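Q: what shape does this take:
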Amino acid sequence: MYDLSTPKSPTIRLTDEQVAFYHENGYLRIEQISVPEELEALRAIYDRLFEQKAGRERGQQFDLAGSDEDDAVAKLPQILDPSSFAPEMRNTYIWANAKQICRQLEDQEDPGIGDHAILKPAGYGAPTPWHQDEAYWSPNFHYRSMSIWVPLQDADETSGCLAFIPGSHKGHVVPHRQIGGDPRVHGLEIDPDANVDFSGAVFCPLPAGGCTVHHNRTMHYAPPNVGDQPRRAWILGTGGPATELETPNDYYWQKAWATARQERASKA
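A: Numbers count the residues shown, from 1 in each chain. Take a look at the predicted model:
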């Protein structure tokens, strides 16, 4: 059995070319940050957490793309902070390498780290619409953060790998709305009225245990899973302390949320 009882040490170091590419384009593709035995162990943990609906009663597990009724089949189930339910996930090469990546890309000596998991079920897992991560976050701060997106199995355009708009991290957060304009849905999408051109999108297929890294303002998307295997993605967010703004950003779309997830979280 693979040992997840003790923390691992990082195994990668980015080249100067990789660091420059990230800062110019707002994303980076890395071929491998894990090992097969670790991935096998993580898949078992991941599947167990989703089968148990870990954290649902506290608002940590919910349908990102649907209205999230208790008796509905989730289109895009997500768990916030899965490692709080399985702390051994933090004793992985993925966790150690995520911190190492942030140290190099954002010059953070001891970066903070959080995680979430997004599952695209086989055959019907919904697309993840174009969005910027910061659109979900508090408008009161300036962030120096990134997301490290790791598939626990091979991921391509058929199953739901990520796509990015190079250089989009250099702009502002554009207007967003709830998916389909439905305030019951937690997931956000770039508002069609923003007239963003997505024609330059770059898709990044990955082997199991590879990763993409993207800036908190980089526009990104994942197609639906039309394959016959579930697409398991573990996302680790890393970065330094946020800086409070004198004048907050106007992320007005956040005021429209009226989700079942919020209701469960407030009751908990």
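
Q: now the strands: where do they sit in the stretch 101-250 of the chain?
A: Secondary structure of the stretch 101-250 of the chain by DSSP state E, counting those that start in this stretch: the strands cover 112-120, 128-131, 141-142, 145-151, 162-164, 176-178, 188-190, 202-204, 211-215, 220-222, 231-239, 243-244.

Q: can I get the ones you listed in CSV with mean neighbour count and mean pLDDT?
A: Heads up, the C-betas are built off the backbone N, CA and C, glycines and all. Listed next are the strands of the stretch 101-250 of the chain as CSV, based on neighbours: other Cβ atoms under 10 Å; pLDDT from 0 to 100:
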stretch, mean neighbour count, mean pLDDT
strand 112-120, 20, 97
strand 128-131, 21, 98
strand 141-142, 13, 96
strand 145-151, 25, 98
strand 162-164, 24, 98
strand 176-178, 22, 98
strand 188-190, 22, 98
strand 202-204, 16, 98
strand 211-215, 26, 98
strand 220-222, 23, 98
strand 231-239, 24, 97
strand 243-244, 10, 96
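
Q: columns distance to Glu40 on top of these, output as TSV?
A: Shown next, in TSV, are the strands of the stretch 101-250 of the chain (distance: least, Cβ to Cβ, whole Å):
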stretch	distance to Glu40
strand 112-120	16
strand 128-131	25
strand 141-142	38
strand 145-151	14
strand 162-164	23
strand 176-178	37
strand 188-190	33
strand 202-204	23
strand 211-215	17
strand 220-222	23
strand 231-239	12
strand 243-244	40
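
Q: among these, which comes closest to Gln18?
A: With distances scored as Cβ to Cβ, the stretch of the strands of the stretch 101-250 of the chain nearest to Gln18 is strand 211-215 (9.2 Å).

Q: the closest one pairs with which strands, parallel or anti?
A: In the sheet, strand 211-215 lines up against strand 27-30 (antiparallel), strand 145-151 (antiparallel) (DSSP bridges).
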